[in-house]
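Sequence plus the predicted model coming up.
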Amino acid sequence: MVTTLSPDRLAELQDEDADFVLVDTRPEESYESWHVTDALHFPFGPEEELDGRLEEFRDLVGDPDRVITICAKGLSSGNLATQLSSATDEFEVNAVDGGMKGWSGVYDRVDVDVADDLTVVQLQRRAKGCLSYLVGCAETGDAIVVDPTADTDEFTAAAAERGLTIVGVVDTHVHADHVSGGRELADELDVPYYLGDRAAERGVEFEYTSLDRNEVLEVGNREVKAVPAPGHTSEMIAPLVDAHALLTADTLHVDSTGRTELEFSDDEGEQGARMLYETLHRTILAEPESVVVLPGHVTVTNDGRFEHGRPGEPITTTVGEARTGIDVLDFDEEAFVDRLADAGEEPANFEAIIDLNRGATTEPPEERTELELGPNNCSA
């Protein structure tokens, strides 16, 4: 019988540089668009027989001590692993439990050193590059969560590990690449759920507490200001924590800006791009150079690598480093608008995800991961 491997254990093996070969059995299109780092491709169906393909498999993997198989949900990879175990004892064989669907739920909880008495935890969703935050006052133990994903237990666990009590949940905008867990987490904890004061204009259809322009939210002895930051979306806010850290969501990433045509599709994002240009130059870059930028995403390449940094390490920059290190911030407005007009492939199922996050539609929990599969594609 084949032993399955949890997605979290696969991540640990990656981090340990363990000796194994990972084999992805999904169809070529799925593999090419998004796969785990260093995975080799051996397409194999859930009912396919290995007969006649063992030599082909040996040629692909070489002479490993261990082979780990992965697919979309664990069906075809489990089939291949079972048949390999029956056909040969040359190597240990494991299958990843839940496949890429399970891999999509792997998180790293990373402490970010910002200032004394301020606790910031960056929760990195390894497969998607989503970056969420737990921001807490070390003196009082109060904390808020910003931009949580639907895996709400990750945030309660992070708070418990650090002795913090979550007193509020903030979504910076209506997300397009992943299902928000904001409302669900706030309901679970019976705490306020916050959105920016322009959220109603996006057609948000559920109850929330509005954060007015530059309104200050007290979190213990820390202050979080709702800085308006339209561009990626019209209702975007960038929470500023004690003038030490700015949670820029999809306004500014560590090496790029957010895209603008997902909401502003009628003019290919031009209106949003002009908003974003003004936000960047009049708001974000007007902050002191030492302010830490905490982005909402890091780009994950098709082969599963972070384009900046690596999982388990803080993904941050500063206002000063962004100003000098991100090329599009040197563009004039017209050149900036032209660059953002070609933002590349859109996030998968983004319209359905937006509708779900606005409350315009509902989906059973088991459908969330299906909607989110694939890279986030929120950078321009």
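Received the coordinates, thanks.

For the nearest residue to Val110 once chain neighbours are set aside, list each beta-bridge partner.
Across the structure, with CB to CB, 6 or more residues apart in numbering as the measure, the residue nearest Val110 apart from its sequence neighbours is Gln122 (4.6 Å). Just so you know, the C-beta spots here come from the backbone N, C-alpha and C atoms, and that holds for glycine as well. According to DSSP bridges, the residues that bridge with Gln122 are Val110, Tyr133.

Identify the residues contacting Gln122.
Residues counted as contacts of Gln122 (CB atoms under 8 Å, 6 or more residues apart in numbering) are 109-112, 131-133, 294, 314-316.

Put the buried members of those into a ChimeraX selection.
A single ChimeraX command is used to select the members of these judged buried by 16 or more other CB atoms under 10 Å:
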select :109,110,112,131,132,133,294,314,315,316
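
from the contacts of Gln122, which is closest to Arg183?
Using CB to CB, Ser132 comes nearest to Arg183 of those, at 14.4 Å.

Counting neighbours, what do you get for the nearest residue to Arg222 once chain neighbours are set aside?
Spatial nearest neighbour of Arg222, chain neighbours left out: Cys137 (4.6 Å); criterion: CB to CB, 6+ apart. Number of residues near Cys137 (other CB atoms under 10 Å) recorded here: 21.

wouldn't Cys137 be in contact with Val219 here?
Yes - using CB atoms under 8 Å, Cys137 and Val219 qualify as a contacting pair, with a distance of 5.6 Å.

got any residues that touch both of these two?
A shared contact of Cys137 and Val219, defined by CB under 8 Å, 6+ apart, is any residue touching both; here these are Ala143.

got any ranges where the stretch 1-150 of the chain has weak pLDDT?
Within the stretch 1-150 of the chain, the ranges that satisfy pLDDT under 70 run 1.

which residues of it fall in helices?
7-15, 28-33, 54-61, 75-87, 99-103 (DSSP state H, counting those that start in this stretch).

Could you single out the most deeply buried of these?
Each of the helices of the stretch 1-150 of the chain was assessed for mean neighbour count using mean count of other CB atoms under 10 Å. The highest is helix 99-103, with a mean of 23.

which residues sit against it?
By CB under 8 Å, 6+ apart, helix 99-103 touches 6-7, 10, 26, 34-36, 70-75, 77, 96, 126-127, 369-370, 373.

ok, 7 Å please
7, 36, 70-74, 77, 96, 127, 369, 373 (CB atoms under 7 Å, 6 or more residues apart in numbering).

same question, stretch 63-79
2, 5, 10, 19-26, 30, 36, 39, 44-48, 61, 80-81, 84, 91-101.

in it, what's buried?
Residues of stretch 63-79 classed as buried under the neighbour-count rule (16+ other CB under 10 Å) are 66-74, 76-79.

Could you save the contacts of Gln122 as a markdown table and add columns showing distance to Arg198?
As requested, those are exported to a markdown table (distance: CB to CB, whole Å):
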| residue | distance to Arg198 |
| --- | --- |
| Arg109 | 31 |
| Val110 | 31 |
| Asp111 | 32 |
| Val112 | 28 |
| Leu131 | 23 |
| Ser132 | 22 |
| Tyr133 | 21 |
| Leu294 | 22 |
| Pro314 | 30 |
| Ile315 | 27 |
| Thr316 | 27 |
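
Quick check: of the contacts of Gln122, which lies closest to Ala341?
Distances from Ala341 to the contacts of Gln122, taken by CB to CB, are shortest for Leu131, at 25.7 Å.

For the closest one, list the residues it contacts.
Taking CB under 7 Å, 6+ apart as the contact definition, Leu131 lies against 122, 124, 295-298, 315.

In strands, which of these fall?
Using DSSP state E, the members of those that fall in strands are 122, 124, 295.

residues in contact with the second one?
Okay, so that is Gln124. The contact partners of Gln124, by CB under 7 Å, 6+ apart, come to 107-108, 110, 131, 311, 315.

ok, now how distant is the residue most central in space within the chain from Thr279?
For the chain, the residue lying nearest the average C-alpha position, counting by CA atoms, centre = their mean, turns out to be Cys130 (1.1 Å). Shown here: Cys130 relative to Thr279, a distance of 21 Å by CB to CB, to the nearest Å.

what do you get for Leu211?
Using CB to CB, we find Leu211 at a distance of 16 Å from Thr279.

And the nearest residue to Ala200 once chain neighbours are set aside, which helix or strand is it part of?
What sits nearest to Ala200 in space, not counting adjacent residues and going by CB to CB, 6+ apart, is Ser210, at 7.8 Å. Assigned by DSSP states H and E, Ser210 falls within strand 209-211.

Distance from that strand to the middle of the chain?
How far strand 209-211 lies from its chain's middle: 24 Å, per CA atoms, centre = their mean, to the nearest Å.

and that strand, what does it pack onto?
When contacts are defined as 3 or more CB pairs under 7 Å, 6 or more residues apart in numbering; DSSP states H and E, strand 209-211 sits against strand 193-196.

contacting residues around the strand it packs on?
With contacts defined as CB under 7 Å, 6+ apart, strand 193-196 is touched by 168-171, 182-183, 186, 204, 208-211, 226, 228, 235-237.

how does it look with 8 Å?
Counting contacts by CB under 8 Å, 6+ apart, the residues outside strand 193-196 that touch it are 168-173, 182-183, 186-187, 204, 207-211, 217, 226, 228, 235-237.

again with stretch 81-95
1-5, 49-50, 54, 57-58, 61, 63-70, 74, 77-78, 80.

Restricting to C-alpha, output that stretch in CSV.
Only the C-alpha atoms of stretch 81-95 are listed here, as CSV (Å, rounded to 0.1, in the frame of the first residue of the first chain):
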residue,chain,number,x,y,z
ALA,A,81,2.2,5.5,-7.1
THR,A,82,0.3,2.3,-6.5
GLN,A,83,1.3,0.8,-9.9
LEU,A,84,4.9,1.8,-9.4
SER,A,85,5.0,0.2,-6.0
SER,A,86,3.7,-3.0,-7.5
ALA,A,87,6.0,-2.9,-10.5
THR,A,88,9.4,-2.1,-8.8
ASP,A,89,11.1,-1.8,-5.5
GLU,A,90,13.9,0.4,-6.8
PHE,A,91,12.6,3.4,-4.9
GLU,A,92,10.2,4.4,-2.2
VAL,A,93,7.0,5.8,-3.6
ASN,A,94,4.7,8.4,-1.9
ALA,A,95,1.7,10.3,-3.2
